[in-house]
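Enquirer: Quick one, structure for this:
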Amino acid sequence: MPQMSSMKAKFFALLCLIILLMIAIGRSLNAASPSPTIVRVGYPQLNGAVIPLWTIQEGKLDRPYGVDFKPIYIPGGSRLTQTAVSGDVDIALTGGAVINAILSGAELMYIALQVPTYAFSLYGRPEVKEVSDLRGKILGVITKGAASDHASIALLRVHKMTQKDMKVLYFSRQQDALAALDKGIVNAAVLSAPTTLMARRLGYKQIVNIGSLKLPYTFIGAAVNRSLARQNPEVIKSFLKAFMAGLKASKDQPAFAKQSSARHFASQDPEIADEAYNSFVPLFPRVPYVLEDAVRGTLAATDHPKAATADPKMFFDNRFLQELESSGFVKELYGNK
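Expert: Take a look at the predicted model:
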């Protein structure tokens, strides 16, 4: 019996040692692989500009950089921008609404710009055959003070017109503007892909491809609160690493990028994903630096009273991207390409 008790004691001691070792190993693994930092990324429209974000989410391309993107769809650039101001999203992927917000005192800034021109087209009913036909008509755009609105202002300026030459109706979503066009509520609408394909299928013709005019503009970029960037510079750099990985994957893996975006368009129609991909992905830069000319173009399109005298440099900070490029990250990401 004493021998049996001794064996039990040894077995119990060995079991305790194994349990302690397992706990220690678990703690070591947790220390070596901390949970990724959640980054809430808001976007305002369902179009091809968001393909990199969806590709990152689908392929978990953010995880190697220690971040976990949580995409949040918030219709309308102005509404999304206010959500960024309030801190309810960490990154806002949006356009000219950020410029308006900064002019009004918001502590935001761009840290990346993925589409530096207007990626819109003007579609119209039969009575609108050219831009000049908009005089006295009704034009549909998406959100006052945001990218679609600025695109209409810039286009009209090229044709020596202003929004005062017509009535402008504002909508929250591309689909709503197209529905208004189809019902005759508006005579023309400023649309982006893939809504452009849906417009053609309904029989409406493209009057002008605004993007082909190559007018500099902050169509969609990554905006962040300055305080967040100051307090968490490494998270900002991790976000940008993952974001660039998404830009690269969108170009290098078109089939996967289209598949990643298709479900967000609520359609299994491959032509819709093709339209979005072909309209936007060729515009994506290798390194998404914010271009001063694009900011200047946005300032020229906004009617904010402070826009005319504003310094374009106050709206962005390329420091994080510059640090990543200097560190060799971009060369490592792209290899010899």
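Enquirer: tell me the pLDDT at residue 326?
Expert: On pLDDT, residue 326 comes in at 97.
Enquirer: so how far is residue 303 from residue 116?
Expert: 21 Å (Cβ to Cβ, to the nearest Å). Glycine gets a C-beta too; all of them are placed from N, C-alpha and C.
Enquirer: Those two: which is more packed in?
Expert: residue 116 (25 against 13; other Cβ atoms under 10 Å).
Enquirer: Report the contact partners of the more buried one.
Expert: For residue 116, the contact set (Cβ atoms under 8 Å, 6 or more residues apart in numbering) comprises 216, 217, 218, 219, 283, 285, 291, 293, 294.
Enquirer: Just the buried ones out of those residues, please.
Expert: Among the contacts of residue 116, those classed as buried by 16 or more other Cβ atoms under 10 Å are 216, 217, 218, 219, 283, 291, 294.
Enquirer: what's around the residue lying closest to residue 313 once chain neighbours are set aside, how many residues?
Expert: Closest residue in space to residue 313, ignoring its immediate chain neighbours: residue 292 at 6.7 Å, by Cβ to Cβ, 6 or more residues apart in numbering. Neighbourhood size, residue 292 [other Cβ under 10 Å]: 15.
Enquirer: buried sites along stretch 213-232?
Expert: 215-225, 228-229, 232.
Enquirer: Also stretch 315-326?
Expert: Buried, per 16+ other Cβ under 10 Å, within stretch 315-326: 315, 316, 317, 318, 320, 321, 324.
Enquirer: contacts for it?
Expert: 98-99, 102, 109-113, 221, 229, 233, 236-237, 240-241, 244, 287-290, 295, 330.
Enquirer: Just the buried residues from these, in ChimeraX please.
Expert: Here is the ChimeraX command that selects the buried residues among the contacts of stretch 315-326 (16+ other Cβ under 10 Å):
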select :98,99,102,109,110,111,112,113,221,229,236,237,240,241,244,287,288,289,290,295,330
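Enquirer: Is the residue most central in space within the chain in a helix, a strand, or coil?
Expert: Taking Cα atoms, centre = their mean, the centroid of the chain lies closest to residue 93, which sits 3.3 Å from it. For residue 93, the assignment made with DSSP: H, G, I helix; E, B strand; the rest coil gives strand.
Enquirer: Perfect, I'm done here.
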